[in-house]
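Trainee: Structure for the following, please:
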Amino acid sequence: MNILPGFKLCRKGLHQYPVKDKRCLECKKLYYKEWANSNRKKLNKRQREWKEANRNRYRQLSNNWRNKNIDKARKSTREWAKNNAHKRAALNMKRKAAKMFAIAPWADHEKIKALYKKAVELTRKTGVKHHVDHVYPLQSKYLCGLHVETNLQILTAKENIKKGNRSWPGQLDCQKE
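Mentor: Prediction:
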């Protein structure tokens with residue numbers, strides 16, 4: 001193997017790398033991959049701690065990635081739902097139960113149905129998916145809203161997913177995640 005001027009041969013004799021670098025980039029990648037595989041628990045713990053300490057930053061990075069890779073994100077979500085049908089069913093049933101318990105006796109069911117119908121019509125007219133959103137979420141760490149017509153609003157799917165159950169009117173700073 002001919003070594004180029006200003007380059008060294010790596011320890012394994014497989015790659016050339018610039019003299020200014022301490023180690024061959026290919027060998028660094030290989031070393032890290034092996035280390036990560038043998039220290040998976042340690043690495044997962046480190047990542048979990050970082051996510052908890054930097055919750056807003058992590059959410060921002062995740063959203064940026066999702067917006068740039070929307071097709072990959074959708075595919076990944078579909079694949080997760082397919083491989084975890086039992087978990088998906090449990091989550092759906094949990095939400096359905098919360099909704100059932102959140103329906104107040106004075107709720108106007110006709111107005112609620114009308115809101116859902118209007119959301120479908122808006123989706124058809126604009127071509128942008130619309131959701132019926134609970135202004136005060138049904139499930140949250142701090143409060144639980146009711147499934148009544150006065151607690152419902154129509155939002156685009158993107159806005160609703162972004163909002164999640166993390167924000168509502170009159171929310172205190174200590175309640176913001």
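Trainee: Contacts made by the one helix or strand residue 78 maps to with the rest, please.
Mentor: Using DSSP states H and E, residue 78 sits in helix 70-83. Residues outside helix 70-83 that contact it (C-beta atoms under 8 Å, 6 or more residues apart in numbering): 65-66, 88. For glycine as for every other residue, the C-beta is placed from the backbone atoms N, C-alpha and C.
Trainee: now stretch 152-159
Mentor: Here stretch 152-159 makes contact (C-beta under 8 Å, 6+ apart) with 112, 115, 118-119, 122, 128-135, 163.
Trainee: contact partners of the helix or strand containing residue 95?
Mentor: Using DSSP H and E, residue 95 maps to helix 85-102. Counting contacts by C-beta under 8 Å, 6+ apart, the residues outside helix 85-102 that touch it are 81, 138-139, 144-147.
Trainee: Just flag the most distant two among the residues you listed.
Mentor: Between all members of those, the longest pairwise span (C-beta to C-beta) is found for 81 and 146 and amounts to 28.4 Å.
Trainee: Who has more neighbours out of those two?
Mentor: Legend: neighbour count by other C-beta atoms under 10 Å for residue 81 and residue 146, higher for residue 146 (18 against 13).
Trainee: All the helices of this protein, residue numbers only.
Mentor: Along the chain, counting by DSSP state H, helices occupy 25-38, 40-53, 55-68, 70-83, 85-102, 109-126, 157-163.
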